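Asks: Using only what follows, build the 3D model:
(one chain, ligands or ions: 1)
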Amino acid sequence: MVTEIAKSTEDVVQLLPQTRRLRALHTIIRDRDADRQDFVGYAGQIIRQLVEAGMELFPFESVDVETPVGQTYRGLRVSPRVCGVSIARAGESMETELSTIAPGVRIGKILIQRDKQTKLPHLYYSALPVDIASRHVLLLDPMLATGGTALAAIEVLVDAGVPEEHIVFVNVLSAPEGIRAVQNRYPHVRMVTSSIENGLNENAYMQPGIGDFGDRYFGTD
Ligand code: URA
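Replies: Modelled structure (predicted):
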């Protein structure tokens, strides 16, 4: 179950239920003194919940199985036409949980960095499943701050033929500024997050935030 927190026409941003367990996980990873092992382990537990919630938004197909006692269980399976796309580098931290939940899932990658001169996001690299236009895409980036990188990444997917409605953008933390930017440009892209932050500081870090997610996760700070 996810909670609907914002709606305009048909689009929604979904916030994970703010359980005490989720707040406890946030408390560990937001602590500036958290060591890397804890950061990676507990961030992984939040990412697991987010990926589960994101998958819930994809289509399911009916499938019957026979149980060991000879009964038919009328079940469901998530459509095989799903894939992940991570936004390097921080989004790579979400690949393990996606592969655990959906073994064998295809995972594309997009590398976008801000041009030092123009300050605009620049696409350096993308590798996507060849048939991505007919897939549902879980777009992975733990941080949605200004939305600049997010917009550039979604543009790559839309240019590759992915309908906006087939994109679910998954973040650990989201700033209202980034959410608005995505909703304004791509109103049919759905978003799943575990926290809506208060806003951004003058260096575009989220408040209260977590610092640089990629540095803390990969140990490069
Ligand atoms: N990227 C991060 O890693 N942290 C922020 O607060 C904003 C962008």
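
Asks: do you know how far residue 178 is from the ligand?
Replies: Residue 178 sits 9 Å away from the ligand, taking C-beta to the nearest ligand atom, to the nearest Å as the criterion. The way it works is simple: take the backbone N, C-alpha and C, and place the C-beta from them, glycine included.

Asks: got any ranges where the protein has weak pLDDT?
Replies: For the chain, residues meeting the criterion pLDDT under 70 lie at 1-11.

Asks: Show me which residues of it sit near the ligand.
Replies: Proximity of the chain to the ligand (C-beta under 6 Å from any ligand atom) is limited to residues 143, 145, 205-206, 209, 212-214.

Asks: ok, and for the strand or helix carrying residue 85, which residues are buried?
Replies: Assigned by DSSP states H and E, residue 85 belongs to strand 82-88. Of all the residues in strand 82-88, those buried under the rule 16 or more other C-beta atoms under 10 Å are 82-88.

Asks: Return the set of residues that bridge with the residue nearest the centre of the chain.
Replies: Among the residues of the chain, the one closest to the centroid is residue 170, at 1.8 Å (C-alpha atoms, centre = their mean). Listed beta-bridge partners, residue 170: residue 140, residue 192 (assigned using DSSP bridges).

Asks: Would you confirm that it contacts residue 94?
Replies: Yes. Using C-beta atoms under 8 Å, residue 170 makes contact with residue 94 at a distance of 6.8 Å.

Asks: related to what we said a few turns ago, check which helices and strands the helix or strand following the strand holding residue 85 is in contact with.
Replies: Downstream of strand 82-88, the first helix or strand assigned by DSSP H and E is helix 95-101. With contacts taken as 3 or more C-beta pairs under 8 Å, 6 or more residues apart in numbering; DSSP states H and E, helix 95-101 sits against helix 36-56, strand 82-88, strand 107-114, strand 136-140.

Asks: Convert the C-alpha atoms of helix 95-101 to CSV, please.
Replies: Extracted as CSV, the C-alpha positions of helix 95-101 are listed here (Å, rounded to 0.1, in the frame of the first residue of the first chain):
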residue,chain,number,x,y,z
GLU,A,95,20.0,-2.2,-9.1
THR,A,96,20.7,-5.0,-6.5
GLU,A,97,17.2,-4.7,-4.9
LEU,A,98,15.5,-4.7,-8.3
SER,A,99,17.4,-7.8,-9.4
THR,A,100,16.6,-9.5,-6.1
ILE,A,101,12.9,-8.8,-6.5
